[in-house]
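> missing the sequence, but the structure's below:
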């Protein structure tokens, strides 16, 4: 009951934020200069024709009316049509989203699986060689441009050593993708028992995941370390020490549990970075996800598609924050609805 | 971290104000700040003396010397159109540092006064402003930057403005938080009671005392600005070619990576990473200095 109340409250709080998001997106695409009508006209178009197109696109109406029409459509899941793929933007995004979701989620899981223990070790053995190594990795990880790291990995692990396949998308060129169930190749190929597709898509995932995981690892490790240090310095841990509780038990039973709370909120932020990063990462790995779709749409000035992608990214980002907040609420009983 | 002994024994000039003394003392024991400052100075010198250090013109193409590997003639090799990578990496320092510094200054110029005012007056204005900021922070930052630049076109100034716009809320928030505690302090009360008008109180007495976290934040944002500018240029939305910029230079080498011409992307990326690393080290060190408790932990 308490949980329901909290979820309801958080959902209500989302309404103004999402309205703000919609106003911002509408402003970027409708109010700022760059008349979309000129996308549809050539040099020999007459002023009358321009007027007709303006009317057809509804651009002659006052701005606030345009906004409400647009918002109404968006709320019904209509993001307009992409004039480049000549399909609905919502359909395009839904079709491409699993590719991005698979890559970013696996990267996030890998980063957490490595970053949390590394941060804990770093805190427990503070100022030791392992702490120094982990802090150096962290510092480099937050300083390196992700796409450059991706290119280096491609050069070394594909071009020089031939360990991984070329950066040519989600699956080998000669292997047909698994039947679509979730759109996630790893899961679909497992469900259909298609081992060839599974191994090929896992290999193709390796490099982009490695790139994004290395970048994501850095802030997670850093936060985990400082959170763990804080908990280890707290009075109840010192009390446990004074009472002779063995170190191992202190670290992994008492401290870790509390130290995990801080990085949890951070996961939401990190996911936003992963989504933003997917635009550049998908470009270098020819990954057929939403990031690459957005980039292609920008190049051909397909405003509906770009707008749809930005809206999707913002909504996803907000939802991830919501999920993390709810998890927080479940884990930490001190938060009250 | 308490300084032991008198200032003379610590080798510090006694006529310096105590705040600066403490700062310099901690700077000496803080290698990360020193290394960070060293790296940044190195790049600043490169930017200033670019015409002297560069061996070729950064924008004149030379189709006789395409795809040449690093050699004594072309230290970092050449690219598809025969541009000398070494000279371009050097000239790009000017562009990228200009973007980093200008965007940070712009973000501070917007965020600090606005944060001071909204923190001091609170109330309805504060509520509305914070809700607006919430909406902007609902976007993954790089995607917001991308959307704006895609709509408005490519130029250095636009990149700077967009990065400043994304960063200013962080300054606003830290100054606002500081202001909320400082405005209740005794010295604020004292300044008020001798008849200072509020604008004087805010801008002369309070805001200068809220700047510590701003200083620690600035290099972090400068580093981040380089990464964003490079990302935007990498996807063709940032600094227009042929202006040398690290991100767009990395982009020039994408094709070469799978055919063995590693140097086209490698050197500009290395420069970008080093520069960002410098700013991050400086920021880390400054945070330790302003918050001594943090260094002890």
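Yep, that arrived. Just so it is clear, the model here is predicted, and its values are computed rather than measured.
> in chain B, what residue is nearest chain A?
Nearest to chain A, among the residues of chain B, is residue B:135, at 2.5 Å (CB to the nearest CB). No exception for glycine: its C-beta is placed from N, CA and C like everyone else's.
> residues of the stretch 151-297 of chain B that sit close to chain A?
Residues of the stretch 151-297 of chain B that fall close to chain A, judged by CB under 8 Å from any CB of the partner chain: B:151-153, B:223, B:227, B:230-231, B:234-237, B:246-247, B:250, B:253-254, B:257-260, B:262, B:265-266, B:269, B:272-273, B:276-277, B:280-281, B:284, B:297.
> just the buried subset of these, written out for PyMOL, thanks.
Remark: buried members of those, expressed as a PyMOL selection using 16 or more other CB atoms under 10 Å in any protein chain shown:
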select buried, chain B and resi 151+152+223+227+230+231+234+235+236+237+246+247+250+253+254+257+262+265+266+269+272+273+276+277+280+281+284
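> related to what we said a few turns ago, which strand or helix spans the nearest residue to the residue of chain B closest to chain A once chain neighbours are set aside?
Spatial nearest neighbour of residue B:135, chain neighbours left out: residue A:20 (2.5 Å); criterion: CB to CB, 6 or more residues apart in numbering or on different chains. Take DSSP states H and E as the rule and residue A:20 turns out to sit in helix A:2-26.
> other SSEs contacting that helix?
Packing contacts for helix A:2-26, counted by 3 or more CB pairs under 8 Å, 6 or more residues apart in numbering or on different chains; DSSP states H and E, involve helix A:63-75, helix A:303-331, helix B:123-136.
> okay, now the domains of chain A?
Listed by automatic domain parsing, the domain ranges of chain A are A:2-75, A:89-331.
> next one: the last one to chain centre, how far?
In other words, domain A:89-331. Relative to its chain's centre, domain A:89-331 lies at 8 Å (CA atoms, centre = their mean, to the nearest Å).
> pull up the distance across that domain, start to finish.
Counting by CA to CA, to the nearest Å, the length from the leading to the trailing residue of domain A:89-331 is 38 Å.
> cool, stretch A:77-89 as well?
End-to-end span of stretch A:77-89 (CA to CA): 10 Å.
> do you know the pLDDT at the spatially most central residue of chain B?
Centroid-nearest residue in chain B, with CA atoms, centre = their mean: residue B:222, separated by 1.0 Å. Residue B:222 is assigned a pLDDT of 94 by the prediction.
> excluding chain neighbours, what is closest to it?
That would be residue B:100: by CB to CB, 6+ apart, it lies 4.2 Å from residue B:222.
> so where's the chain uncertain?
This is for chain A. Where chain A drops to pLDDT under 70, the residues are A:1, A:31-44, A:333, A:335-337.
> you answered for a different chain; I wanted chain B.
B:1-19, B:27-29, B:291-297.
> ok, longest helix in it?
helix B:85-121 (DSSP state H).
> show me what that one is packed up against.
So helix B:85-121, by 3+ CB pairs under 8 Å, 6+ apart, packs with helix B:31-48, helix B:50-53, helix B:123-136, helix B:156-182, helix B:212-234, helix B:246-252, helix B:263-290.
> related to what we said a few turns ago, I figured the residue nearest to the centre of chain B hits residue B:98, correct?
No. Checked against CB atoms under 8 Å, the pair residue B:222 and residue B:98 is beyond contact range at 11.1 Å.
> can you check which residues contact both of these two?
Shared contacts of residue B:222 and residue B:98 (CB atoms under 8 Å, 6 or more residues apart in numbering or on different chains): none.
> thinking again about what came up before, what's the spacing between the residue nearest to residue B:222 and residue B:94?
Applying CB to CB, to the nearest Å, the value for residue B:100 to residue B:94 is 11 Å.
> of those two, who's got more company?
For residue B:100 versus residue B:94, the count of surrounding residues by other CB atoms under 10 Å in any protein chain shown is larger for residue B:100: 28 against 19.
> tell me which residues in stretch A:323-337 are buried?
Of the residues in stretch A:323-337, A:324-325, A:329 count as buried by neighbour count, 16+ other CB under 10 Å.
> contacts only, for residue 108.
All of this is about chain A. Residue A:108 sits next to A:213, A:216, A:267, A:270-271, A:274 when contact means CB under 8 Å, 6+ apart.
> oops, chain B please
Here residue B:108 is in contact with B:168, B:171, B:214, B:218 (CB under 8 Å, 6+ apart).
> now residue A:205
A:102-103, A:106, A:170, A:185-186.
> so which of the helices and strands packed on helix A:2-26 is nearest residue B:112?
helix B:123-136 (14.1 Å; CB to CB).
> next SSE downstream of that closest one?
Remark: after helix B:123-136, the chain's next helix or strand is helix B:141-152, criterion DSSP H and E.
> name the nearest residue to residue A:100, sequence neighbours excluded.
residue A:289 (3.4 Å).
> same check, this time on residue A:123
Computed as CB to CB, 6+ apart, the closest residue to residue A:123 that is not its neighbour in sequence is residue A:228, at 3.6 Å.
> any idea how far the one you found is from residue A:112?
15 Å.
> quick revisit: right, and the residue nearest to residue B:222 touches residue B:228 too?
No. Contact criterion CB under 8 Å: residue B:100 and residue B:228 do not qualify, at 9.6 Å.
> quick check: residue A:303 touching residue A:29?
Yes. Look at residue A:303 against residue A:29 with CB under 8 Å: they come within range, at 5.5 Å.
> follow-up on the earlier one: look up how far residue A:304 lies from the residue of chain B closest to chain A.
Relative to residue A:304, and taking CB to CB, residue B:135 is found at 21 Å.
> what parts of the stretch 1-150 of chain A come near chain B?
Contact residues (CB under 8 Å from any CB) of the stretch 1-150 of chain A with chain B: A:16-21, A:23-25, A:28-29, A:32-34, A:139-140, A:142-148.
> of those, select the buried ones using a ChimeraX command.
What follows is the ChimeraX syntax selecting those of the residues of the stretch 1-150 of chain A next to chain B that are buried according to 16+ other CB under 10 Å:
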select /A:17,18,20,21,24,25,28,29,139,140,142,143,144,145,146,147,148
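> before we move on, back to that, how far does the helix holding residue A:20 sit from the chain's center?
Its chain's average C-alpha position is 19 Å from that of helix A:2-26, according to CA atoms, centre = their mean.
> likewise stretch A:68-85?
In terms of CA atoms, centre = their mean, the gap separating the centre of stretch A:68-85 from the centre of its chain is 23 Å.
> report the contact partners of the spatially closest residue to residue A:229 that is not a sequence neighbour.
Nearest residue to residue A:229, sequence neighbours excluded (CB to CB, 6+ apart): residue A:123, at 4.7 Å. Residues counted as contacts of residue A:123 (CB under 8 Å, 6+ apart) are A:131, A:224-226, A:228-229, A:232, A:259.
> same question for residue A:291.
By CB under 8 Å, 6+ apart, the contact list for residue A:291 reads A:100, A:275, A:278-283.
> cool, residue A:19 as well?
residue B:135.
> quick one: secondary structure of the residue of the stretch 51-200 of chain A found nearest chain B?
Per CB to the nearest CB, the residue of the stretch 51-200 of chain A with the smallest distance to chain B is residue A:148, at 3.3 Å. Secondary structure state of residue A:148, per DSSP: H, G, I helix; E, B strand; the rest coil, is helix.
> surely it touches residue B:269?
Yes. With contact defined as CB under 8 Å, residue A:148 counts as touching residue B:269 (3.3 Å).
> joint contacts of those two?
Common neighbours of residue A:148 and residue B:269, using CB under 8 Å, 6+ apart, are residue B:250.
> burial check on residue A:156, number of neighbours?
Residue A:156: 13 neighbours (other CB under 10 Å).
> distance check, residue B:113 against residue B:187.
20 Å.
> next: residue B:253.
The gap separating residue B:253 from residue B:187 is 56 Å, by CB to CB.
> swap in residue A:301?
Taken as CB to CB, the span from residue A:301 to residue B:187 is 56 Å.
> which one's more surrounded, those two?
residue A:301 (16 against 11).
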